[in-house]
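[1] with the sequence up front, the predicted model follows.
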Amino acid sequence: QVQLVESGGGLVQPGGSLRLSCAASGSIFNINVMGWYRQVPGKQRELVAAITSDGSTNYADPVKGRFTISRDNAKNTVYLQMNSLKPEDTAVYYCNVDRVRTFTSVEYNLWGQGTQVTVSS
């Protein structure tokens, strides 16, 4: 069974930077789309950024020009570089994989455990 493990959250001042990482573990053959979502209490989880297996990216309007998503297919890892952070970026950030093919099965819509990002002075 494939698991997603996130790291890199924390407390940062406005204007600062953080880098999130999410590693997929298991007997993985390939991963389709990897993405980052975020959620604040009382609101729906929203897409932040996504990247396909060939490197095509998609960003939510509020983070365009500030966040960069990337992935290392050899390590089955996706990253989110967050620059010029704002208090409104405060949320729990979740890693997502839409489809992963292992050597024995296909798994869909996997989520990490979430990592807290707090932007505050």
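    Now that the structure is in, tell me what you want to look at.
[2] show me where this structure has strands.
    Using DSSP state E, the strands found in the chain span residues 3-7, 10-12, 18-25, 28-31, 34-39, 46-51, 57-59, 67-72, 77-82, 91-102, 106-111, 115-119.
[3] can I get the ones you listed in a markdown table with mean neighbour count and mean pLDDT?
    C-betas here are computed from N, CA, C, even on glycine. Written out in a markdown table, the entries for those read as follows (neighbours: other C-beta atoms under 10 Å; pLDDT from 0 to 100):
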| stretch | mean neighbour count | mean pLDDT |
| --- | --- | --- |
| strand 3-7 | 16 | 95 |
| strand 10-12 | 14 | 98 |
| strand 18-25 | 19 | 97 |
| strand 28-31 | 15 | 94 |
| strand 34-39 | 22 | 98 |
| strand 46-51 | 19 | 98 |
| strand 57-59 | 15 | 98 |
| strand 67-72 | 18 | 98 |
| strand 77-82 | 22 | 98 |
| strand 91-102 | 19 | 97 |
| strand 106-111 | 13 | 96 |
| strand 115-119 | 18 | 98 |
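[4] find the nearest non-adjacent residue to residue 98, please.
    Setting aside the residues directly before and after it, residue 98 is nearest to residue 33 in space (C-beta to C-beta, 6 or more residues apart in numbering), at 4.4 Å.
[5] try residue 118
    Taking C-beta to C-beta, 6+ apart as the measure, residue 118 lies nearest to residue 11, with 4.7 Å between them; neighbours along the chain are not counted.
[6] got the contact list for the spatially most central residue of the chain?
    Computing the C-alpha centroid of the chain and ranking residues by C-alpha atoms, centre = their mean puts residue 36 first, at 2.9 Å. With C-beta atoms under 8 Å, 6 or more residues apart in numbering as the criterion, the residues that contact residue 36 are 20, 22, 47-50, 69, 78, 80, 93-96.
[7] residue 69 now?
    When contacts are counted by C-beta under 8 Å, 6+ apart, residue 69 is found next to 34-36, 49-51, 57, 59, 78-81.
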